[in-house]
Each structure stands twice: as structure tokens, then as C-alpha cells.
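Peer 1: This is a predicted model, with the sequence first.
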Amino acid sequence: MLAIGVDPTGALVLSQVILSFGIPFALVPLVLLTRRRDIMGALVNRRATTSLAVVVAALIIALNAFLLYETLLV
């Protein structure tokens, strides 16, 4: 992309924004699967761990949504 005159910083930021689309598709199933005893067995997350993971995942997803808004719509 640099050979065709694209700004390197802008290209890097855009690539990271595109990669951020995949984060919810990894975090949400991870939280959902690690709280299920039938899948995890003895390694299942406790309620406190799952609650904290939900809060952190929601915060990360919200920050990524803000990043997408700021980058693509403003």
C-alpha cells in the first residue's frame, strides 16, 4: 500500500480498526464457554470470575465501538 502513496500511519490505524471487528467474536464465546461445567469440568470459572470477565469484555467491546465510531464516522 505504501507503493501507491497511502499514508503509512493511516494505513496502520485502519488495519487495527479492521482487526478490532474480531474481538467480540473471540471474547463473548470465551466467557460463555468457560462458565459451563459440562464443557470445562473441574476448570469451570467461578461466578466472580465470570462476572469480572463479562465486565471486562463489555468494556473492551465498548472501547472498540468508540474506536470504530471515531475512526470511520468522524
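Peer 2: Looks like it came in fine.
Peer 1: Need the nearest residue in space to the residue most central in space within the chain, chain neighbours excluded.
Peer 2: In the chain, the residue lying closest to the centroid (CA atoms, centre = their mean) is residue 23, at 2.5 Å. In space, and not counting its chain neighbours, residue 23 is closest to residue 64: 5.7 Å by CB to CB, 6 or more residues apart in numbering. Heads up, the C-betas are built off the backbone N, CA and C, glycines and all.
Peer 1: secondary structure element for that neighbour?
Peer 2: Using DSSP states H and E, the element containing residue 64 is helix 47-68.
Peer 1: tell me the average confidence for that helix?
Peer 2: In this model, helix 47-68 carries a mean pLDDT of 92.
Peer 1: ok, the residue nearest to residue 23 touching residue 25?
Peer 2: No. Using CB atoms under 8 Å, residue 64 is not in contact with residue 25, being 11.4 Å away.
Peer 1: counting contacts, what elements does the helix or strand hosting residue 32 pack onto?
Peer 2: Secondary structure assignment for residue 32, by DSSP H and E: helix 23-34. Helix 23-34 sits against helix 37-40, helix 47-68, with contacts defined as 3 or more CB pairs under 8 Å, 6 or more residues apart in numbering; DSSP states H and E.
Peer 1: Could the C-alpha coordinates of that helix be exported in PDB?
Peer 2: Extracted in PDB, the C-alpha atoms of helix 23-34 (Å, rounded to 0.1, in the frame of the first residue of the first chain):
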ATOM      1  CA  ILE A  23     -12.500  -9.100  19.200                       C
ATOM      2  CA  PRO A  24     -16.200  -9.600  20.300                       C
ATOM      3  CA  PHE A  25     -16.300 -12.800  18.300                       C
ATOM      4  CA  ALA A  26     -13.500 -14.200  20.400                       C
ATOM      5  CA  LEU A  27     -14.300 -12.700  23.900                       C
ATOM      6  CA  VAL A  28     -18.000 -13.500  24.100                       C
ATOM      7  CA  PRO A  29     -17.700 -17.200  23.300                       C
ATOM      8  CA  LEU A  30     -14.700 -17.400  25.600                       C
ATOM      9  CA  VAL A  31     -16.700 -16.100  28.500                       C
ATOM     10  CA  LEU A  32     -19.700 -18.200  27.700                       C
ATOM     11  CA  LEU A  33     -17.800 -21.400  27.300                       C
ATOM     12  CA  THR A  34     -15.600 -21.100  30.400                       C
END
